[in-house]
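Engineer: the sequence isn't on hand, but the structure is:
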């Protein structure tokens, strides 16, 4: 829900807020760009962008080089102002390199991001191959990889053989604004008071310029006091041979990132953006400073570990010849080679960058997961359908909507309550008139094996009669203003305090508030939604917190993009603790950072009921998946405005094949439960939702793999077809795992879509008709309003559950149908993963089933992939459908006890589909079906 959504329900907010909201709401249904900074309005971005490529002032002092078992250290000097920096280079396990640059002797410590890396990344030794006065050459171990440090100007090159993979500071845009004492204006032209390092020579005039915005900056009516002065950092990277870069979410833009020459850079700064526009580099709710580069030869990643406001410039060039000084005779390619140049600019902190060298997409995902962890494994029910709006009015409304799903035979698992369910926007409470008996309501849902999510936002009503506020204030857990008092701003409750989630004691206390005896009315089937966690401050600069607000010793400026991660983390930990560490949590959050994948799901925020917003949901979720966050979705139907029935149906059909599947709508929109648009549309929506439920075994297996290996659930085609250049900029279709290709219909009035089926020599089967199509072709598909183009890869086996019931929990013991899609070589394989669906027992007690299905030599077999695990299931295999089959004379089921039985089968010769009826074997056991 957005900061400036409605002037309804503002009676308790006071006249200032009502005036502010009214001002925001007047005018058009589009983002007010004037509320948010451009690079030119962000002083540090403007200063850094004014630097032109060319001669870098930085020189490596080779005599300071030290090499230990774990790292290389080397001092750099800025020849203009004589300030020294310390460079640290690490070769990390798993084909990664880490580069850290900080001031050698800063005036005071500079912020280094905590809590994002899951451990101190293990290192491998670097070895020195050669050195002279121009630089040094180090071995990175594998595949003749070299790291070349050039001294003057300083630059780094990573090479493999004679190929340059990546260069740092090759355009000379390294810039490190050192901390300094604010100068007396009379002295400023004569003395440079440096960080107590040394007395600089009076010739070093470079730093004497005091520019606007260095020590104070005003945007609209807000002044940022900047007590530490200028502290920004910048570094450029060149990627020879690369034309395609991806990632750095969150932006409402295409999957393949665009060059930013002539416009603003991509901005990473968590903001509550009202009515965001599509195809735009503006910052949105979350920020993950990870970029992937891809070519037919190699995939790599750059992880810029900095939580301050960050801008990323991208430009396309051709790689000129680059000679690395006299000691090297390497020359980088011809001048015709394409090249992408990337420049990162952050307001504060240090340079701490991880270079993930791939070389395959899978390798990069594994490398990034080894640094920041993998996607939390959600409860199975969280992968089902969620029904939400701002707001379900009261307990009777919840009961009526719940019953409506049953009356119309549409499954759902979660119903959601937005801010109006609370007592005057006091989180952890219930409106005593609308929700007088929350446990009765939750029990009614539990009886149907359904669940609820309630919203708990991280702004707390300043009210001396509110327990939560009193405890946070008395414990000193609020973020402080620059003057040391509790920071306060306006949000939904009116005047609000903002808990300091960067404080581990605050997070532990917050987590304890989710205990069943603390959160009154809560039960085990109630989960949590953290909205507004950028944080949103209605009357703050850019609708967020002042940068000079204090989190302990650090300014919000230093760690702004981390706040949302900490909120989601503390909430997830609370849900785990309330169950004694047994139950997996489910927490949805709007703001996020690198590592947020460990704590739950995210969504694309306050979108609109427009076709362009439906389309953009695909690249937005694909971008998140590439950088670790697989559990992503968009508000089905669009949050703002009212969708046409066609748009609503198409959105359900698209959302049913995206990881997080939730309908949501704004307070001011007409109701849009799935049965309110006539029986034909109800049937279309029902069918889309039922397709989701039938496919839940496959979704669950994909999330199990994402949790174990960091591989994305929803993938661009190039991830699986990395040499197929036709796929590199495709973002209107996608893969789920390796084996399902989805091309949703996202054009109004569409009569057909053209899907690209990849893979020369491969085949794909339409999952609805079983029609076989060859790979490596553009396939025109005529569509009607009921069409959802989905294809299964030949060579795969996918499990479904055909008996769709009112919720996923009701289907727990139901049987499986296996869909075996044969490759042209008449081979297929797939997996099945089963556990209890909601606890950590899969991990702590190895209670799960993991099977491998293989079809080869006319036999289909099931074997155990996890011999050490223990779990039993009541589910059995009720049907096997083999696509691309030929007719057998008989089908024999063989079990390990030596028993054999003949199976009934049907063969459709026109489609080459063989259906084996009722094998009847338990899904957790070994068995083989032989076709003769």
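Structural biologist: Good, I have the coordinates. Since the structure is predicted, the reported quantities are computational estimates derived from the model, not experimental observations.

Engineer: name the secondary structure element that contains residue 311.
Structural biologist: Using DSSP states H and E, residue 311 sits within strand 310-318.

Engineer: neighbouring strands - and their directions - for that strand?
Structural biologist: Strand 310-318 sits in its sheet next to strand 266-268 (antiparallel), strand 338-346 (antiparallel), going by DSSP bridges.

Engineer: and residue 457, which of these is closest to it?
Structural biologist: Distance to residue 457, taken as Cβ to Cβ, is lowest for strand 266-268 among those, at 22.5 Å. C-beta coordinates here come from the backbone N, C-alpha and C atoms, glycine included.

Engineer: identify the residues contacting the closest one?
Structural biologist: Applying Cβ atoms under 8 Å, 6 or more residues apart in numbering, the external contacts of strand 266-268 come out as 39, 248, 251, 253, 257, 260, 281-283, 287-289, 309-314, 561.

Engineer: can you check stretch 887-904 too?
Structural biologist: Residues outside stretch 887-904 that contact it (Cβ under 8 Å, 6+ apart): 858, 905, 907, 909, 914, 916-919, 921, 925-932.

Engineer: which among the residues you listed count as buried?
Structural biologist: Neighbour-count burial (16 or more other Cβ atoms under 10 Å) is assigned, among the contacts of stretch 887-904, to 905, 914, 916, 919, 921, 925, 927, 928, 929, 930, 931.

Engineer: can you add distance to residue 765 and pLDDT and give the residues you listed back as JSON lines?
Structural biologist: Shown next, in JSON lines, are the buried ones among the contacts of stretch 887-904 (distance: Cβ to Cβ, whole Å; pLDDT from 0 to 100):
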{"residue": "905", "distance to residue 765": "18", "pLDDT": "98"}
{"residue": "914", "distance to residue 765": "13", "pLDDT": "98"}
{"residue": "916", "distance to residue 765": "17", "pLDDT": "98"}
{"residue": "919", "distance to residue 765": "21", "pLDDT": "97"}
{"residue": "921", "distance to residue 765": "24", "pLDDT": "97"}
{"residue": "925", "distance to residue 765": "27", "pLDDT": "97"}
{"residue": "927", "distance to residue 765": "24", "pLDDT": "98"}
{"residue": "928", "distance to residue 765": "23", "pLDDT": "98"}
{"residue": "929", "distance to residue 765": "20", "pLDDT": "98"}
{"residue": "930", "distance to residue 765": "23", "pLDDT": "98"}
{"residue": "931", "distance to residue 765": "18", "pLDDT": "98"}
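
Engineer: among those, which two are most distant?
Structural biologist: Pairwise distances across those (Cβ to Cβ) peak at 22.3 Å, for the pair 914 and 925.

Engineer: ok so, going back, what are the contacting residues of the strand holding residue 311?
Structural biologist: Here strand 310-318 makes contact (Cβ under 8 Å, 6+ apart) with 39, 42, 45, 48-49, 238, 243, 245, 248, 257-261, 264-269, 287, 289, 291, 304, 335-347, 561.

Engineer: filter the residues you listed down to the buried ones, PyMOL style.
Structural biologist: In PyMOL, a selection of the buried entries from the contacts of strand 310-318 looks like this (16+ other Cβ under 10 Å):
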select buried, resi 39+42+45+48+49+238+243+245+248+257+260+264+265+266+267+268+269+287+289+291+304+337+338+339+340+341+342+343+344+345+346+347+561
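
Engineer: the nearest residue to residue 845 once chain neighbours are set aside: neighbouring residues, count only.
Structural biologist: Spatially, and ignoring its direct neighbours in sequence, residue 845 is nearest to residue 870 (7.7 Å; Cβ to Cβ, 6 or more residues apart in numbering). Look at residue 870: counted by other Cβ atoms under 10 Å, it has 11 neighbours.

Engineer: same question, residue 162
Structural biologist: Residue 162 is flanked by 12 other residues according to other Cβ under 10 Å.

Engineer: how near is it to residue 144?
Structural biologist: 9 Å (Cβ to Cβ, to the nearest Å).

Engineer: find residues that contact each of these two.
Structural biologist: Common neighbours of residue 162 and residue 144 (Cβ under 8 Å, 6+ apart) do not exist.

Engineer: thinking again about what came up before, surely the residue nearest to residue 845 is in contact with residue 850?
Structural biologist: No - applying Cβ atoms under 8 Å, one finds residue 870 not in contact with residue 850, separated by 11.7 Å.

Engineer: just the contacts of stretch 887-904: which are in strands?
Structural biologist: Under the assignment DSSP state E, those contribute 905, 907, 914, 916, 917, 927, 928, 929, 930, 931 to strands.

Engineer: now, the most widely separated pair of those?
Structural biologist: Longest distance between any two of those is 21.3 Å, between 907 and 927; criterion Cβ to Cβ.

Engineer: to residue 62, which of the strands paired with strand 310-318 lies closest?
Structural biologist: Residue 62 sits nearest to strand 338-346 of all the strands paired with strand 310-318, at 25.8 Å, using Cβ to Cβ.

Engineer: now tell me what touches that closest one from outside.
Structural biologist: Contact partners of strand 338-346, identified using Cβ under 8 Å, 6+ apart, comprise 44-45, 48-49, 171, 173, 232-245, 265, 289, 291, 293, 302, 304, 306, 308-319, 353.

Engineer: at 6 Å what do you get?
Structural biologist: 45, 48, 173, 233-240, 242-243, 245, 304, 306, 308, 310-319 (Cβ atoms under 6 Å, 6 or more residues apart in numbering).

Engineer: next SSE downstream of that strand?
Structural biologist: Trace forward from strand 338-346 with DSSP H and E and the next one is strand 351-356.

Engineer: relative to strand 351-356, how tilted is the following helix or strand past that next one?
Structural biologist: Next helix or strand after strand 351-356 toward the C-terminus (DSSP H and E): helix 361-372. Angle of helix 361-372 versus strand 351-356, following axes from the mean of the first three to the mean of the last three Cα atoms, to 10 degrees, is 140 degrees.

Engineer: just checking, what packs against helix 361-372?
Structural biologist: Counting contacts by 3 or more Cβ pairs under 6 Å, 6 or more residues apart in numbering; DSSP states H and E, helix 361-372 packs against strand 299-304.

Engineer: could you redo the last one with a cut-off of 10 Å?
Structural biologist: strand 84-92, strand 96-103, strand 290-294, strand 299-304, strand 351-356, helix 611-626, helix 696-709, helix 717-720 (3 or more Cβ pairs under 10 Å, 6 or more residues apart in numbering; DSSP states H and E).

Engineer: quick one: distance of it to the chain centre.
Structural biologist: Taking the mean of its C-alpha atoms, helix 361-372 sits 14 Å from the chain's own mean (Cα atoms, centre = their mean, to the nearest Å).

Engineer: so where is the stretch 351-500 of the chain shaky, pLDDT-wise?
Structural biologist: Scanning the stretch 351-500 of the chain for pLDDT under 70 picks out nothing.

Engineer: show me the helices in it, by range?
Structural biologist: All helices of the stretch 351-500 of the chain, identified by DSSP state H, counting those that start in this stretch, fall at 361-372, 395-407, 438-447, 467-475.

Engineer: are any of the contacts of strand 338-346 buried, and which?
Structural biologist: Buried residues within the contacts of strand 338-346, counting neighbours by 16+ other Cβ under 10 Å: 45, 48, 173, 233-240, 242-243, 245, 304, 306, 308, 310-315, 317, 319.

Engineer: after the worst-scoring helix or strand of the chain on mean pLDDT, which helix or strand is next? Please name it.
Structural biologist: Comparing every helix and strand of the chain by mean pLDDT, DSSP states H and E singles out helix 15-25 as the least confident one, with a mean of 40. Using DSSP H and E, the helix or strand that follows helix 15-25 in sequence is helix 43-50.

Engineer: measure residue 638 to residue 650 for me?
Structural biologist: For residue 638 relative to residue 650 (Cβ to Cβ), the value is 11 Å.

Engineer: how about residue 709: what's its closest non-neighbour residue?
Structural biologist: Leaving aside its sequence neighbours, residue 709 sits nearest to residue 366 (Cβ to Cβ, 6+ apart; 6.4 Å).
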